[in-house]
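> What shape does this take:
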Amino acid sequence: MKIMEDDGEVIDIVAIYWCAEKTLFLGIPKDFGGLTAINSNKVKIIDPKINYRAVYFKNRMHGIYHWALIEEDLLDEVIDHDPKSFNRFIEILKSEGVLSEDFI
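Sure thing, here's the model as predicted:
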């Protein structure tokens, strides 16, 4: 799934979750080093297909997440910009073809 922000930046989405009445995306912007939360009302969806195995997960906010964030327990560390966890997640996404090989 891909979205476009108002400034034209295209971001790959690796999770969709709900908090109160909001639908939020977890995106992985280039050159960011982690995940960022994005309000779905503030972006344009340019590719609605989820091209990875996703799992439902419920903690404070329930949602649909890329399997590795949950099954490899990477979610909190990648959100917190832990380089080791982030690089592992990027490696998984590239191996699955979710991200291009030149993604940094």
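> buried ones in the helix or strand containing residue 85?
Here residue 85, judged by DSSP states H and E, is contained in helix 83-95. Going by neighbour count (16 or more other C-beta atoms under 10 Å), the buried part of helix 83-95 is 85-86, 88-90, 92-93. Where C-beta positions appear, they are placed from N, C-alpha and C, glycine not excepted.
> how close does the residue nearest to residue 44 when sequence neighbours are not counted get to residue 98?
Excluding its sequence neighbours, the residue lying closest to residue 44 (C-beta to C-beta, 6 or more residues apart in numbering) is residue 4, at 4.7 Å. Counting by C-beta to C-beta, to the nearest Å, the gap from residue 4 to residue 98 is 17 Å.
> my guess is the residue nearest to residue 44 meets residue 47, correct?
No. Counting by C-beta atoms under 8 Å, residue 4 stays clear of residue 47, with 9.5 Å between them.
> what about the residue nearest to residue 16 when sequence neighbours are not counted, how many neighbours?
Nearest non-adjacent residue to residue 16, counting by C-beta to C-beta, 6+ apart: residue 64, 5.1 Å away. Residue 64 has 14 neighbours, counted by other C-beta atoms under 10 Å.
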